[in-house]
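[1] below are the sequence and a predicted model for it; my questions follow.
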Amino acid sequence: MEKITGKRLTEIGAFIIRYGLVMVLLYVGALKFTTYEAEGIKPLIENSFLMSWGYDIMSVQGFSILIGAIEIVLGLLIALREFSPKLSAFGSLGAALMFVCTLSFLITTPAAWQAGYGFPFASPMPGQFILKDILSIGAALWTAGEALIACRKINP
């Protein structure tokens, strides 16, 4: 049996961070093609200063599909790390920007904070659900940085 070392745990963790991020983006992106998900994100989108414009030019379902397609493309780009670190870094930076946008829902969504308590008491939904995007931003920035380092090793 292989000895578990700090280096090995770091390698396993790196794999889980990268491909866990890919899996989440692909899965959640695919869900955006469903009616229940489009309606589920509607209160978040319609209150967002960054995203509410989407409903001015598209239907609720159409904008949800666009968001889902973007999430799927970003996930696929991140997954390309072994073949194209540059494309993977681009996908990672795009995902980080996307997570910053979704994190802004904490400011714009009235139900993000527990009624009767307010800040800093996040509501179970959507407040606590959105807080995970802080970790997602970190994962996306880490995968971007690691991919950019790999680009330099290929093209010093």
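    Structure's in. What do you need?

[2] mind checking how far L135 is from F99?
    9 Å (Cβ to Cβ, to the nearest Å). The way it works is simple: take the backbone N, C-alpha and C, and place the C-beta from them, glycine included.

[3] how much space separates G54 from Y19?
    In terms of Cβ to Cβ, G54 sits 29 Å off from Y19.

[4] more neighbours: the two, which one.
    Higher neighbour count among G54 and Y19: G54, with 18 against 15, using other Cβ atoms under 10 Å.

[5] return the distance of the lowest-mean-pLDDT helix or strand in the chain from the chain's centre.
    The helix or strand with the lowest mean pLDDT-type score in the chain, counting by mean pLDDT, DSSP states H and E, is helix 129-131 (a mean of 91). The chain centre lies 11 Å from the centre of helix 129-131; the measure is Cα atoms, centre = their mean, to the nearest Å.

[6] residues of the helix or strand that it is followed by that come out buried?
    Once the chain leaves helix 129-131, the next helix or strand it forms, by DSSP states H and E, is helix 133-154. By neighbour count with 16 or more other Cβ atoms under 10 Å, helix 133-154 contains the buried residues 133, 136-137, 139-140, 142-144, 146-148, 150.

[7] stretch 35-48 now?
    Across stretch 35-48, burial judged by 16+ other Cβ under 10 Å covers 37-38, 41, 43-45, 47-48.

[8] so what touches it?
    Stretch 35-48 is contacted from outside by 31-32, 51-52, 54-55, 60-61, 63-65, 67-68, 101-102, 104-105, 108-111, 126, using Cβ atoms under 8 Å, 6 or more residues apart in numbering.
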